[in-house]
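Chemist: here is the input, now give the coordinates:
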Amino acid sequence: MENNVVLTARGISMTFPGVKALENVDFTLRKGEIHALMGENGAGKSTLIKCLTGINDFETGEIRIDGVDGPVKNHSTRDAQNVGISTVYQEVNLCPNLSVAENLFIGREPLTALRTVDRNSYNKRSQKIMDDLGISVDVTQNLENYSLAIQQMVAIARAVDMDCKVLILDEPTSSLDDEEVEKLFKLMRMLKDKGVGIIFVTHFLEQVYAVCDRITVLRNGTLVGEYPIADLPRVKLVAAMMGKDLDDLASIKGESKDLSHEPLEISARGLAHLGTVKPFDLDIHKGEVIGIGGLLGSGRSELARSIYGADRANVGTLKVKDKEVQIHQPIDAMNLGMGMLPDDRKAEGIIEDLTVRENIILALQAKTGTFKRLSSQKQNEIADRYIELLSIKTPSPETLVKQLSGGNQQKVILARWLATNPDFLILDEPTRGIDIGTKTEIQKLILELAEQGKSIVFISSEIMEMVRTCNRMVIMRDGEKVGEVGGDITEQKVMHAIAGGGEEK
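Modeler: You can find the predicted model right below:
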């Protein structure tokens, strides 16, 4: 290995049933550098990390670590730690009911001559470790008494004290405020100066440019490239992650409609859900399709959920049809004429062990009330109507929904909300994981619903879908609404806005 290189991965390939998760991926980490591992959802970041840390057994390729002769094949996280690779995840994997010192030395406690735990020794050693890293804590206090940021720093300190050469930080800042993030960055820079190689996984572009030296981009399980931070401005990073050549982008959207003269359906002022989305203003007119753009983790879904009450807004005001309302939970939103198709159809959408009919009438029944049960005839009429309208391929309305394809399950959830005849509909990733034909049908349906006067929020990771369907686009970055794109919406305009106005930073 080169003198300044601490880890190399060459030709790493990994297959899950029916999916090529990684294909011939290379990665190089140098001593004393902070290296961002970037890519959209499904790019292969987590799979590569699991290969490095012994959670996944990769099929081909090799990993080498500075100071270890020959290729390394880790079969467990303990194997990885033994060769100097440690990982700190977004969810801190420590014991909150134990002291900071106990967490630092759990599983490797110093012993007295009588083979009992030497608490005095590990308390002193722990305090020195934390002081050396500039972390101000009392190590005798329980970990749960400290903030999540401090808990993550304790996890990092434990990894460093175990002589890690490679520190992997997997989305460590997702739940931290700006001040806590800066404290974490200070610690990362200190470790960098000590020669530790850091792999930093995040969805926050601003943080990448604030703290990283190099960037490796993955897309669909393959390596796009490795770049010095100065050679990859934000807009080019977004293009690399999304697989678009900015020079070849062209707008395919026809003449855009200005619906600002139409009545307001939704008006939000200073609305926010603390910890996930910062205060935002948003007006949505009747018959308008509003896209919410941004990278995964930018706050797209959180903004929509705060309007709908799935995440109750802590501050701000919301008006529906020019009347101020309080939405404490989704049923309040439903009673105000709203519907929401969530981004995770498995976890929050379909109920697998119910039939297609039962899934379709679910929201309408909830809105009608528990004690006003829809008749069997009414249920069948509704189910038959939307199965035909949306061309849902099912042997029968009584077929269990889990037996349908992903695209048809998505149509069932859409049918559920159309059955409530909403005035305002939030569609979060309605075409994710479904075939191109069904995607086209859903996009056409969105335009038809808008023509009928329904207002729609449309969230998609595929920018061209929103360019084709939206009148305006709201741009999110790091949990904050940072702008809007209106008029002649093009893919290039949206990507520049997501990247930060195309700033060459």
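Chemist: can you list the domain ranges for this structure.
Modeler: Residue ranges for the structural domains of the chain, counted by automatic domain parsing, are given in the record as 5-232, 254-337+423-435+448-505, 345-421.
Chemist: so how far is the shortest one from its chain's centroid?
Modeler: Going by Cα atoms, centre = their mean, to the nearest Å, the spacing between the C-alpha centre of domain 345-421 and its chain's C-alpha centre is 28 Å.
Chemist: ditto for the first one
Modeler: Once both centres are worked out by Cα atoms, centre = their mean, domain 5-232 turns out to sit 19 Å from its chain's centre.
Chemist: same question for stretch 441-453.
Modeler: Remark: stretch 441-453 is offset 27 Å from the chain centroid, using Cα atoms, centre = their mean.
Chemist: contacts for that stretch, please.
Modeler: Surrounding stretch 441-453, the residues in contact under the criterion Cβ atoms under 8 Å, 6 or more residues apart in numbering are 286-289, 390-391, 410-411, 414, 423, 425, 427, 430-431, 434, 456, 458, 465, 468-469. For glycine as for every other residue, the C-beta is placed from the backbone atoms N, C-alpha and C.
Chemist: now Ala419: closest residue in space that isn't a chain neighbour?
Modeler: Spatial nearest neighbour of Ala419, chain neighbours left out: Leu364 (4.8 Å); criterion: Cβ to Cβ, 6 or more residues apart in numbering.
Chemist: would the one you found count as being in a strand?
Modeler: No. Under DSSP: H, G, I helix; E, B strand; the rest coil, Leu364 falls outside any strand and is assigned helix.
Chemist: neighbours around it, how many?
Modeler: The criterion is other Cβ atoms under 10 Å. On that basis, Leu364 has 19 neighbouring residues.
Chemist: center of this structure - which residue?
Modeler: When the chain is reduced to its mean C-alpha position, the nearest residue by Cα atoms, centre = their mean turns out to be Gly297, at 3.8 Å.
Chemist: before we move on, back to that, can I get the domains of the chain in TSV with distance to Val238 and mean pLDDT?
Modeler: As requested, these are exported to TSV (distance: least, Cβ to Cβ, whole Å; pLDDT from 0 to 100):
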stretch	distance to Val238	mean pLDDT
domain 5-232	8	88
domain 254-337+423-435+448-505	4	85
domain 345-421	27	85
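Chemist: output the ones you listed as TSV; include the columns distance to Glu441.
Modeler: Formatted as TSV, those follow (distance: least, Cβ to Cβ, whole Å):
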stretch	distance to Glu441
domain 5-232	23
domain 254-337+423-435+448-505	9
domain 345-421	7
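Chemist: neighbours of Gly70, just the number please.
Modeler: Residues within reach of Gly70, counting by other Cβ under 10 Å, total 8.
Chemist: separation between it and Met14?
Modeler: From Gly70 over to Met14 the distance is 21 Å, taken as Cβ to Cβ, to the nearest Å.
Chemist: give me the contacts around the helix or strand containing Ser86.
Modeler: Following DSSP states H and E, one finds Ser86 within strand 85-89. Surrounding strand 85-89, the residues in contact under the criterion Cβ under 8 Å, 6+ apart are 7, 49, 52-53, 65, 74, 77, 80, 152, 155-156, 158-160, 162, 164-172.
Chemist: parallel or antiparallel, list what pairs with it.
Modeler: strand 166-170 (parallel) (DSSP bridges).
Chemist: following the strand it pairs with, which helix or strand shows up next?
Modeler: As the chain continues past strand 166-170, the following element, by DSSP H and E, is helix 178-193.
Chemist: mind listing what's buried in that next one?
Modeler: For helix 178-193, the buried set under the neighbour-count rule, 16 or more other Cβ atoms under 10 Å, comprises 180-181, 183-185, 187-188, 191-192.
Chemist: so which other helices or strands are in contact with whatever helix or strand comes next after it?
Modeler: Once the chain leaves helix 178-193, the next helix or strand it forms, by DSSP H and E, is strand 197-201. Under the contact criterion of 3 or more Cβ pairs under 8 Å, 6 or more residues apart in numbering; DSSP states H and E, the helices and strands touching strand 197-201 comprise strand 19-30, strand 34-38, helix 45-53, strand 166-170, helix 178-193, helix 205-211.
Chemist: if we go to 10 Å?
Modeler: The contact analysis (3 or more Cβ pairs under 10 Å, 6 or more residues apart in numbering; DSSP states H and E) places strand 197-201 against strand 5-16, strand 19-30, strand 34-38, helix 45-53, strand 85-89, strand 166-170, helix 178-193, helix 205-211.
Chemist: can you show me the CA trace of that strand as CSV?
Modeler: In CSV, the C-alpha atoms belonging to strand 197-201 read as follows (Å, rounded to 0.1, in the frame of the first residue of the first chain):
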residue,chain,number,x,y,z
GLY,A,197,-9.0,8.2,8.3
ILE,A,198,-12.7,9.1,8.5
ILE,A,199,-15.4,7.9,6.1
PHE,A,200,-18.4,10.3,6.4
VAL,A,201,-21.8,9.3,5.1
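Chemist: kindly calculate the angle that it makes with strand 85-89.
Modeler: Taking axes from the mean of the first three to the mean of the last three Cα atoms, to 10 degrees, one finds that strand 197-201 is oriented at 30 degrees with respect to strand 85-89.
Chemist: listing partners with orientation, what would you give for strand 197-201?
Modeler: Partners of strand 197-201 in the sheet, by DSSP bridges, are strand 34-38 (parallel), strand 166-170 (parallel).
Chemist: can you give me the buried ones in the first one?
Modeler: What that stands for is strand 34-38. Neighbour counts using 16+ other Cβ under 10 Å place 34-38 of strand 34-38 among the buried residues.
Chemist: now swap in stretch 13-25 and tell me
Modeler: For stretch 13-25, the buried set under the neighbour-count rule, 16+ other Cβ under 10 Å, comprises 13-14, 21-23, 25.
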